[in-house]
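Novice: Provide a 3D model corresponding to the input given below.
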Amino acid sequence: MSEQYLEQVSAPIDNYYSHVLTFCRGYITFNDQPFSSEQIIEAYKASIFPQPREYRVFGAAMKQLKKEGWIAHYGFAVYKNPSGHKKPVNVWIKSKGGNT
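Specialist: Numbers count the residues shown, from 1 in each chain. Sure, this is the predicted structure:
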C-alpha cells in the first residue's frame, strides 16, 4: 500500500479515519478470536459511528494497527458477502505484545 494511498484515505475528514481507528481498537481489545477485515467492517456498519464514503479506509486502519503492534496477520479467508466475489480477505488476531 503506497503512502499516497494512505494519505488519501486517512486525511479527508468525511472518510472518518479517526472513528474507524478508534472503533477497531475497541473491537480488538474485546476480541480474542481471529477476525477478518470483512467481520470488523460489518461490526462497524452496525455501530453508531458515522459511516465512511469508502470502506477501503479500513485497509489503512489495519495497516496502522499492525504497525502499532495491536494486531498480527493470522492468514486468509474468503469473503462471505457475495459482493466480495469470494476473493481472499485478510484474517487478523490480537497481537500478544501490542498496545491492547
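
Novice: can you pull out the helices in this protein?
Specialist: For the chain, the helices defined by DSSP state H cover 3-10, 17-29, 37-45, 57-67.

Novice: how about those helices in a markdown table, adding mean neighbour count, distance to Pro88 and mean pLDDT?
Specialist: Every C-beta, even on glycine, is put in place using the N, C-alpha and C of the backbone. Formatted as a markdown table, the helices of the chain follow (neighbours: other CB atoms under 10 Å; distance: least, CB to CB, whole Å; pLDDT from 0 to 100):
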| stretch | mean neighbour count | distance to Pro88 | mean pLDDT |
| --- | --- | --- | --- |
| helix 3-10 | 14 | 19 | 60 |
| helix 17-29 | 17 | 20 | 94 |
| helix 37-45 | 17 | 10 | 94 |
| helix 57-67 | 19 | 13 | 94 |
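
Novice: quick one: which of those is nearest Lys80?
Specialist: Lys80 sits nearest to helix 37-45 of all the helices of the chain, at 6.4 Å, using CB to CB.

Novice: quick one: contacts for Ala77?
Specialist: By CB atoms under 8 Å, 6 or more residues apart in numbering, the residues touching Ala77 are Ser36, Glu38, Pro88, Val89, Val91.

Novice: farthest pair in these?
Specialist: Using CB to CB for every pair in the contacts of Ala77, the one that comes out farthest apart is Glu38 and Pro88, at 10.7 Å.

Novice: okay, and the common contacts of these two?
Specialist: Taking CB under 8 Å, 6+ apart as the criterion, Glu38 and Pro88 both touch Ala77, Tyr79.

Novice: hmm, back to that, ok, which of the helices of the chain comes nearest Lys96?
Specialist: helix 17-29 (12.1 Å).

Novice: contacting residues around that closest one?
Specialist: Applying CB under 8 Å, 6+ apart, the external contacts of helix 17-29 come out as 9-11, 35, 40, 43-44, 47, 49-50, 52, 57-58, 60-62, 64-65, 70-71, 94, 100.
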